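>>> need a structure here:
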Amino acid sequence: MYSFDRLLRVLDLLDRMPYGWEVGLTVFLIAVAVTILPALFPRHSTIPQQKSVRPSAGFWAEWAPVNRAGREAWMSGDYGEAARMFDLLLRLADRFRIASTGRALGFGSHAAFSSARQHPHRWWQAQIAHKGPARWNAWRQTNPTMKPDLRDQWIVCREEANLQNIDFSDADLTFASFFGARCTGASFRNADLQDTNLSGTDLRFTDFAGARLLRTNLSGADLTGAFGLTRKQLENVVLSATTKLPLEFRTYFSTQDFWAEWAPLNRAGRDAWIRDEHGEAARLFECLLKLAQSVHLDTHWKRFCFRNYATFPRTAEGSGRWWQAQVLLKGARTWNNWRHTHYATFPDLRGQWITCRRNAELRGLDLSGADLTGAFFFGARCPGVNFQDANLQGADLGGTDLTRTTGLTQTQLNTALGSATTLLPQGLVRPQHWE
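The predicted structure follows:
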């Protein structure tokens with residue numbers, strides 16, 4: 001009522017003005033439009049809106065539990081139950097018509113499922129691989145005689161998935177897709193990679209020994225540090241300008257290229273040794289040996305600024321010395337913690353560098369009982385270093401500050417090498433054979 005009263009007052013005011021009735025009628029219509037129409041047609045509807053339901057929600061609510069149950073049944077060896085679950089999946093696939101609606105349902109691997117209709121084992125093995133390297137490798141260890149068959153399958157469900165150190169040795173991966181997964185340290189030894197899509201995949205330090213590479217898509221893949229490859233294998237693959245090949249297959253490589261391959265392998269091997277994974281450390285040491293051979297490190301170590309290459313063992317038997325030295329070079333805290341957890345182990349550091357730089361401080365280092373034959377100290381300062389029962393025969397102590405060490409004896413000094421600048425603890429004398 002208030003709006004109509006206001007409208008009448010406006011019309012009365014206009015009627016008193018010296019204008020014609022046409023103007024008054026026009027103003028009246030405008031006033032009606034402004035005051036009445038909004039009341040008849042509110043701007044915001046009061047009808048409650050129903051929440052939209054994604055078409056794929058119903059599909060995945062039925063699919064996921066059946067798929068999970070089938071995968072677990074396959075892993076546990078209950079192949080009859082896995083077959084029953086696969087039949088349920090087939091019925092769901094037919095009911096939802098995934099061949100035509102798979103993309104709309106968010107089922108990207110519907111083509112892989114369709115190709116596995118006659119071969120359910122391929123689907124279940126792929127589902128195990130989707131759970132990651134730990135589950136896959138554990139399944140392979142419990143089924144050592146089963147050859148993985150992953151033909152036409154998606155090995156991962158999403159791009160850049162983690163497949164580090166996964167074991168695909170002897171696997172049939174024909175027409176499989178990896179979609180740029182991270183396969184660092186994976187094993188493709190003796191695997192069939194015919195027409196496999198490895199484009200954009202991180203294949204650093206992977207094992208391709210004996211693998212069949214035919215029309216394998218390696219465009220954009222990173223093969224830095226990969227081993228077991230031959231030029232004959234690479235003749236039949238798809239490469240691109242962004243494919244990173246191992247050093248031995250490049251026409252030119254720099255010092256940075258070399259260390260980009262060496263450093264991660266060396267670091268991974270050292271950490272594996274600290275974790276007592278000696279098998280993994282031995283495998284990584286073999287990778288270092290192959291890398292050293294491929295770039296002729298014996299003659300080019302100066303070019304790559306590899307100063308302590310002389311201490312690098314040339315055979316796998318000396319890998320323990322190398323890894324212990326790498327733990328030591330990590331610092332006194334890391335070394336002493338490792339020694340505390342391996343108190344019964346006497347370190348073997350024969351011919352190794354105790355430090356990488358001159359005049360370094362090795363405060364508090366525990367070298368008790370260590371075999372330091374021919375080790376290099378490079379004039380380090382050794383406050384608090386424990387030399388008790390250490391073998392210093394032929395160790396280079398030139399310029400080293402030994403004044404505040406513990407456990408050092410004259411007998412040990414007599415077997416070591418030193419110089420006039422070597423500083424000794426009080427009570428010990430410089431041997432005559434020192435310079």
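>>> then stretch 231-249 to PDB, C-alphas only?
Extracted in PDB, the C-alpha atoms of stretch 231-249 (Å, rounded to 0.1, in the frame of the first residue of the first chain):
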ATOM      1  CA  ARG A 231      73.400 -48.800 -29.800                       C
ATOM      2  CA  LYS A 232      71.600 -51.700 -31.500                       C
ATOM      3  CA  GLN A 233      68.700 -51.300 -29.000                       C
ATOM      4  CA  LEU A 234      68.500 -47.600 -29.700                       C
ATOM      5  CA  GLU A 235      68.300 -48.000 -33.500                       C
ATOM      6  CA  ASN A 236      64.700 -49.100 -33.300                       C
ATOM      7  CA  VAL A 237      63.200 -46.700 -30.800                       C
ATOM      8  CA  VAL A 238      61.400 -43.300 -31.200                       C
ATOM      9  CA  LEU A 239      63.500 -40.500 -29.900                       C
ATOM     10  CA  SER A 240      63.000 -36.700 -29.900                       C
ATOM     11  CA  ALA A 241      65.200 -33.600 -29.300                       C
ATOM     12  CA  THR A 242      64.200 -33.600 -25.700                       C
ATOM     13  CA  THR A 243      65.200 -37.200 -25.000                       C
ATOM     14  CA  LYS A 244      68.200 -37.300 -22.600                       C
ATOM     15  CA  LEU A 245      70.400 -40.300 -23.500                       C
ATOM     16  CA  PRO A 246      73.200 -41.700 -21.300                       C
ATOM     17  CA  LEU A 247      76.600 -40.100 -21.700                       C
ATOM     18  CA  GLU A 248      78.100 -42.800 -23.800                       C
ATOM     19  CA  PHE A 249      75.500 -42.200 -26.500                       C
END
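>>> got the buried residues for that stretch?
By 16 or more other CB atoms under 10 Å, the buried positions in stretch 231-249 come out as 233, 234, 237, 238, 239, 243, 244, 245, 246, 247, 249. (Each C-beta comes from the backbone N, C-alpha and C, glycine too.)
>>> contacting residues around it?
Applying CB atoms under 8 Å, 6 or more residues apart in numbering, the contact partners of stretch 231-249 are 199, 208, 211, 213-227, 229, 253, 257-258, 261, 291, 294-295.
>>> now intersect the residues you listed with the strands, please.
216, 217 (DSSP state E).
>>> list only those of the contacts of stretch 231-249 flagged as buried.
199, 208, 211, 213, 216-227, 229, 253, 257-258, 261, 291, 295.
>>> first-to-last residue distance for stretch 270-279?
Using CA to CA, to the nearest Å, one end of stretch 270-279 lies 12 Å from the other.
>>> equivalent analysis for stretch 382-399, please.
11 Å.
>>> what number of residues lie near the closest residue to residue 224 other than its chain neighbours?
The shortest distance from residue 224 to any non-neighbouring residue, by CB to CB, 6 or more residues apart in numbering, is to residue 204 (4.7 Å). Neighbour count for residue 204, taken as other CB atoms under 10 Å: 23.
>>> try residue 346
Using other CB under 10 Å, residue 346 is surrounded by 13 other residues.
>>> so how far is residue 431 from it?
According to CB to CB, to the nearest Å, residue 346 and residue 431 sit 25 Å apart.
>>> what sits up against the strand or helix carrying residue 82?
Using DSSP states H and E, residue 82 sits in helix 79-96. Here helix 79-96 makes contact (CB under 8 Å, 6+ apart) with 59, 62-63, 66-67, 69-71, 73-74, 99, 105, 110, 113-114, 117, 120, 123-124.
>>> now these: which count as buried?
Among the contacts of helix 79-96, those buried by neighbour count (16+ other CB under 10 Å) are 59, 63, 66-67, 70-71, 73-74, 105, 110, 113, 120, 123-124.
>>> just the ones of the residues you listed in helices?
59, 63, 66-67, 70-71, 73-74, 110, 113, 120, 123-124 (DSSP state H).
>>> where does the closest residue to residue 166 other than its chain neighbours land on pLDDT?
Using CB to CB, 6+ apart and skipping the chain neighbours, the partner closest in space to residue 166 is residue 133 (4.1 Å). Looking at residue 133, its pLDDT is 92.
>>> for residue 156, same thing?
pLDDT, read off for residue 156, is 80.
>>> might one say that it is in contact with residue 150?
No. Assessed by CB atoms under 8 Å, residue 156 is found out of contact with residue 150, at 11.4 Å.
>>> neighbour count winner among the two?
A direct count of neighbours by other CB under 10 Å for residue 156 and residue 150 places residue 150 higher, at 27 against 22.
>>> need the contact list for that one.
By CB under 8 Å, 6+ apart, the contact set of residue 150 is 122, 125, 126, 129, 171, 172, 173, 176.
>>> how many residues are close by residue 328?
26.
>>> quick check on it: phi, psi?
Per-residue torsions, residue 328: phi -60, psi -40 (degrees, to the nearest 10).
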